[in-house]
Each structure stands twice: as C-alpha cells, then as structure tokens.
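S.K.: only geometry, no sequence info:
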C-alpha cells in the first residue's frame, strides 16, 4: 500500500460513533443553506425492504432530529408494490421515466442515480440501496457526518461487514474478485477503500454534478475513480457503519455485474472501445448447456451540469 494511502487511512477513515447526532444537527443549524441533505433510494421491486428503510430514516433523522430535508425513492420500473410501500412509509416517490422525459431512460442503477439529481435539492446527496435488511440510520448519518463537519471532505463511502448467509465476511464477491484488484493495480490511491462498490455514500452536489454516470452496475466504481481525479484523495473518506445485510445476487448476475465494472474501468484507463461489449454465460437446458448472451452496460450519462434542464432549474 502506498504511504499516501496509509496516511489517508488514519485521517479519512472514521466510525459513525465519532460524530454523534447532536454534533451533526449543530453543524446544520450553523449553516442550514449549505448543509441541506437529500436521501435517495434507487428501487426496483424492493417492496419487502424499502418500507422499513424509509420509515427508519423518517423517524430517526427527520422527526426525532432534523438532519435530512428530503427523502426520495426513485422507482425504476417496479412491477410489485415498491412505490406504494415507499409512499405509505413517508417517502416522495418519483418514477424514473417521469424525470427528463426528452431523454429516453436506459435500464440500470446508474441511470436512476443520475436522474435523481434533477428531482432533489439538497447540497448533500446521500444514496442508499433499497434492499438492505436490519437497516440502521447510521448508514445515512455516518456518511453525511464528515460532509457536515469538514468542508474539505466531498465524498464519503460507508464501510461495513458483509455477511453471506451465516458466513461472516463472505459477501462482496465482485468487490474482492474484480473491483479491488482493478483499483490496486490501476488506481492504488483508492486501495484503502473497504467497500468501493457499496451503494451507501454521500457526496456534495457540487461534485456530483461534475461527474459522468455509468448507467449500470459500474456507477459506483466510475464515480469513485472520477472523484479521485476531480478533487483528489484527501477530499474522499469512509465511515464504519457496522454490518450490511441485503439480498444477494446469484452467480450469473454477479458475472454480469463484474463485466460492467470491468468495462467501466477499461473506459477510464484508455477511453477505448471493447471489440465485443457483451458477456456470454451458460445455463443447463434439457439438451445440455445453452449459451445466453447479455449486453454489457456501455452507456454513460454526461455530467449533470451539461443538461439544460438542470442548469435552468438551479439558475431559478
């Protein structure tokens, strides 16, 4: 590990307990206009978990204390009761296709995060995955905390244990097999991030609006790498929030995720083009193995400050 990263780990890695809620609310009260907070949950068929997450954030961070200003669930085309459950729990629900309708929406998590900037107003934007179980408000207050108390910090990722079923510390398979080797080999300044692909992080809007967004699974890697090049390592941080439990993907879904992440890294390394941006996997059928080919996410959305509607909204 680089000496620079070792120093960074001592200065820019914290625990959620390092910043109690009263300290955060005091920081907000001192400058409410520069510290407004939006929480965004991208959601696709998450009726089993989204309600409890929304209810916890509302109760702990909007009603008991005033830390979060708006709580928005972006529904990316759910076919279950995700939208109704989230709305009943107290979130504002916006359908992905209703945002920036002149640009047809593409499938993918990054697409939803990108569009969320147009329907939120917080100077700090906190993203939280909608499939978390046993959710704690520390995922929000922990990642938002350094941004409220240190003006030099611009991007904060959550770090945590990721159990896989009953096995401790065995989650995050794509992180360990794909993302961590890529970061250590090509962006060693980012080798200190415990959960580089984690979906829980808080970022200043002024930075987010300057970054391109991969539309699919590569969004977390892409934002982290681009943030490093835009604002430097010392503006990035991470906070230990405990344990993250969620619905795990099967092996083939992880393969598609890994391909998208590799593509995102490859674009940033060379800005070149894959000869064949697709991934073929195999499933056993009645007569043997059957190939299934999936397109790898290759689209990226431009920085939001290049979008006319966004510029007009903030100018007003």
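M.R.: All right, it came through fine. On a predicted model such as this, the values are computed, not experimentally measured, just so you know.
S.K.: residues in contact with the residue most central in space within the chain?
M.R.: Centrality entry for the chain: nearest residue to the mean C-alpha point is residue 199, 3.5 Å, by Cα atoms, centre = their mean. Contacts here follow Cβ atoms under 8 Å, 6 or more residues apart in numbering; on that basis residue 199 touches 109, 127-129, 220. For the C-beta atoms, the positions are set from N, CA and C on the backbone; glycine is no exception.
S.K.: got a pLDDT number for residue 96?
M.R.: For residue 96, the pLDDT comes out at 97.
S.K.: Now it. Nearest residue, chain neighbours left out?
M.R.: residue 76 (4.5 Å; Cβ to Cβ, 6 or more residues apart in numbering).
S.K.: For that neighbour, give me its contacts.
M.R.: Contacts of residue 76 (Cβ under 8 Å, 6+ apart): 42-44, 96, 105, 107, 109, 111-112.
S.K.: now the residues you listed in JSON lines, with distance to residue 301 and neighbour count?
M.R.: Shown next, in JSON lines, are the contacts of residue 76 (distance: Cβ to Cβ, whole Å; neighbours: other Cβ atoms under 10 Å):
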{"residue": "42", "distance to residue 301": "14", "neighbour count": "26"}
{"residue": "43", "distance to residue 301": "19", "neighbour count": "29"}
{"residue": "44", "distance to residue 301": "18", "neighbour count": "19"}
{"residue": "96", "distance to residue 301": "12", "neighbour count": "22"}
{"residue": "105", "distance to residue 301": "10", "neighbour count": "19"}
{"residue": "107", "distance to residue 301": "13", "neighbour count": "14"}
{"residue": "109", "distance to residue 301": "12", "neighbour count": "25"}
{"residue": "111", "distance to residue 301": "7", "neighbour count": "26"}
{"residue": "112", "distance to residue 301": "11", "neighbour count": "28"}
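S.K.: Could you check which helix or strand contains residue 145?
M.R.: Using DSSP states H and E, the element containing residue 145 is helix 138-149.
S.K.: where's that helix relative to the chain centroid, distance-wise?
M.R.: 14 Å (Cα atoms, centre = their mean, to the nearest Å).
S.K.: who touches it?
M.R.: For helix 138-149, the surrounding residues in contact (Cβ under 8 Å, 6+ apart) are 14-16, 18-19, 21, 23-24, 27-28, 35, 37, 39, 57, 60-61, 67-68, 124, 126, 128, 132, 153-154, 156-158, 200-204, 237, 239-242, 244.
S.K.: Low-confidence bits of the protein, can you list those?
M.R.: By pLDDT under 70, the weakly predicted segments of the chain are 164-171, 246-249, 271-282, 284, 288-289, 297-298.
S.K.: So which residues of it form helices?
M.R.: Remark: helices assigned in the chain by DSSP state H are 3-12, 21-30, 50-58, 82-89, 109-116, 138-149, 173-174, 180-186, 205-208, 219-231, 251-270, 308-315.
S.K.: So which bits of the second one are buried?
M.R.: Going back to what we said before, that points to helix 21-30. 21, 24-25, 27-28 (16 or more other Cβ atoms under 10 Å).
S.K.: Export those to a markdown table and append columns for distance to residue 163.
M.R.: Below are the buried residues of helix 21-30 laid out as a markdown table (distance: Cβ to Cβ, whole Å):
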| residue | distance to residue 163 |
| --- | --- |
| 21 | 27 |
| 24 | 28 |
| 25 | 32 |
| 27 | 33 |
| 28 | 33 |
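S.K.: any idea which of those residues is the one closest to residue 136?
M.R.: residue 21 (12.6 Å; Cβ to Cβ).
S.K.: I'd guessed the closest one sits against residue 68; true?
M.R.: No: counting by Cβ atoms under 8 Å, residue 21 does not reach residue 68; the two are 11.4 Å apart.
S.K.: could you list every residue that touches the spatially closest residue to residue 126 that is not a sequence neighbour?
M.R.: Leaving aside its sequence neighbours, residue 126 sits nearest to residue 202 (Cβ to Cβ, 6+ apart; 4.1 Å). Listed by Cβ under 8 Å, 6+ apart, the contact set of residue 202 reads 37, 124-127, 140, 143-144, 147, 155-156.
S.K.: Can you tell me, leaving aside adjacent residues, what's nearest to residue 133?
M.R.: Distances taken as Cβ to Cβ, 6+ apart place residue 245 nearest to residue 133, at 4.4 Å, with adjacent residues excluded.
S.K.: Might you report the residue contacts of the one you found?
M.R.: If you count contacts by Cβ under 8 Å, 6+ apart, then residue 245 has 132-134, 163 around it.
S.K.: I am finished for the moment; much appreciated.
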